[in-house]
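Engineer: Fold the following.
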Amino acid sequence: MFRSLRAAPVPAGSRADRDDSTSIRTPPTRAVALVTVAVTVVTVVLGAVTGTAVLLIGLLVFLPAFASALCTPRQTAFVSAWVSVVVIVPVALSTEQLADRVTLALFALGFGALAVCGSSLRITREGALVSLRSTAAAMQRQILRPLPLLTDDVLVDGVYEPVQQDKLVGGDIYDVAATPWGTRVLIGDVQGKGLAAIGMAIDVVGAFREAAHREPTVTALVDSLEAAVVRHNGYAEQRGEPERFVTAVVLGVDAGTETQLVTCGHVPPYLLHDGTVSAVDGGTEHAPLGLGDLVDEPRTVSWFPFPAGATLLLCTDGLTEARSPSGAFYPLEARLAGRVDITAGHLTHALVDDVHAFAEGPQQDDLAVLAVRRSPHRISGTSVSSPLATAPAA
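Structural biologist: Here you go, the predicted structure:
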């Protein structure tokens with residue numbers, strides 16, 4: 001049976017709808033003109049009142065320098081031309097020494113020309129940075145799909161914030177796959193930070209997308225993720241890089257009344273339903289991905305009720321291990337208690353805003369928060385995969 005994964009509609013003006021990092025921001029031309037004229041008027045009036053008109057007007061030669069730091073080359077050229085006229089005309093009519101008047105006029109013209117050149121160089125440099133960030137944003141959309149995502153079974157919305165804001169992808173990962181066996185959801189956290197962690201994240205997400213459509217059981221899917229991590233560590237060892245593990249939660253949601261869960265050393269999900277909040281009992285907590293050879297027990301799947309209209313909150317330790325200035329950990333379950341009836345998108349954004357206020361400082365770790373809302377129209381009496389509930393990993 002073909003099942004579709006599609007992007008859910010995003011309201012205009014929402015966070016997901018805005019991207020200020022892939023455009024060069026400059027002030028409106030009208031605002032530039034108004035500010036330039038206003039500064040000129042203030043300078044002329046002060047000069048007339050204090051009797052130092054020529055001296056104060058001479059200070060206007062520095063105005064194009066400020067414009068070059070904020071405006072386009074055309075706007076900067078306007079400011080430079082305006083200042084040159086305003087400075088040169090009064091100076092030419094003044095009774096100061098000729099050498100002083102010529103020097104001031106040359107300063108006005110020279111500073112104006114340098115300001116235009118500086119603005120042009122800045123715009124060129126910012127354009128290159130914007131192009132780079134646009135490429136990075138396109139890569140991010142390929143590695144981590146933009147949220148929200150919608151399948152026949154669930155709506156998945158959330159927030160993703162890497163600790164290094166200049167990198168749009170960090171060590172936290174997530175993905176959603178609509179498969180013939182239901183919807184599979186992954187959230188994980190790669191050990192460490194930096195480009196090496198991002199490389200591991202790319203491999204795990206790629207393995208999930210391929211195996212989610214190939215493996216009929218969630219345990220077999222997790223085995224494929226384990227193999228991907230081990231394989232990546234093998235390549236890393238050849239390059240002299242340290243091995244890494246990945247904590248993860250994998251969900252299997254279908255039309256049945258219960259949902260499959262495999263927890264690999266990760267933060268457990270929270271279930272929000274009928275005004276209550278509870279941590280999901282995932283049974284045995286298995287070793288993180290990459291460390292499966294260190295334990296004898298195979299990974300097994302656990303089952304828990306996931307009623308229609310309920311919401312599962314999945315997150316990484318960037319949320320649960322955030323600390324206040326006094327050293328207290330973020331009380332996630334307590335903060336969820338007052339937010340059980342809001343939409344998935346509002347829930348995750350409210351939590352992220354709340355944890356930032358709680359920490360009162362810079363973000364210390366990558367942060368991923370997903371809200372998985374069960375469709376109220378897809379519940380049937382039995383699960384299509386329930387006979388394989390405790391099937392061990394191969």
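Engineer: use CA for all of it now, contacts and neighbours both
Structural biologist: OK.
Engineer: Distance-wise, check the residue most central in space within the chain relative to residue 302.
Structural biologist: For the chain, the residue sitting closest to the mean C-alpha position, by Cα atoms, centre = their mean, is residue 161 at 4.0 Å. Here the criterion is Cα to Cα, to the nearest Å. By it, residue 161 lies 29 Å from residue 302.
Engineer: what do you get for residue 373?
Structural biologist: Residue 373 sits at a distance of 19 Å from residue 302 (criterion: Cα to Cα).
Engineer: Who has more neighbours out of the two?
Structural biologist: Neighbour count, other Cα atoms under 10 Å: between residue 373 and residue 302, residue 373 has more, with 25 against 20.
Engineer: Once you drop chain neighbours, what's closest to that one?
Structural biologist: In this structure, residue 373 finds its nearest non-sequential neighbour in residue 311, 4.3 Å apart by Cα to Cα, 6 or more residues apart in numbering.
Engineer: List the residues that contact that neighbour.
Structural biologist: Residue 311 makes contact with 271, 272, 273, 344, 371, 372, 373, 374, according to Cα atoms under 8 Å, 6 or more residues apart in numbering.
Engineer: if you set the cut-off to 10 Å instead, what comes out?
Structural biologist: Residues near residue 311 by Cα atoms under 10 Å, 6 or more residues apart in numbering: 154-156, 269-273, 277, 340-344, 347, 370-375.
Engineer: now swap in residue 286 and tell me
Structural biologist: For residue 286, counting by Cα under 10 Å, 6+ apart, the contacting residues are 247-248, 262-266, 292, 295, 297-300.
Engineer: circling back to that earlier point, give me the buried entries from the contacts of residue 311.
Structural biologist: 154-156, 269-273, 277, 340-341, 344, 347, 370-375 (16 or more other Cα atoms under 10 Å).
Engineer: Next, count neighbours for the closest residue to residue 182 other than its chain neighbours.
Structural biologist: Leaving aside its sequence neighbours, residue 182 sits nearest to residue 254 (Cα to Cα, 6+ apart; 4.3 Å). Residues within reach of residue 254, counting by other Cα under 10 Å, total 27.
Engineer: Distance check, residue 254 against residue 174.
Structural biologist: Counting by Cα to Cα, the gap from residue 254 to residue 174 is 19 Å.
Engineer: Ok, residue 311 next?
Structural biologist: 17 Å.
Engineer: ok, which stretches of this protein are strands?
Structural biologist: 6-7, 149-150, 154-161, 172-179, 182-190, 246-253, 258-264, 270-273, 276-279, 302-305, 311-315, 367-374 (DSSP state E).
Engineer: May I ask you to confirm that the residue nearest to residue 182 is in contact with residue 185?
Structural biologist: No - in this structure, residue 254 is not within contact of residue 185 by Cα atoms under 10 Å, at 11.3 Å.
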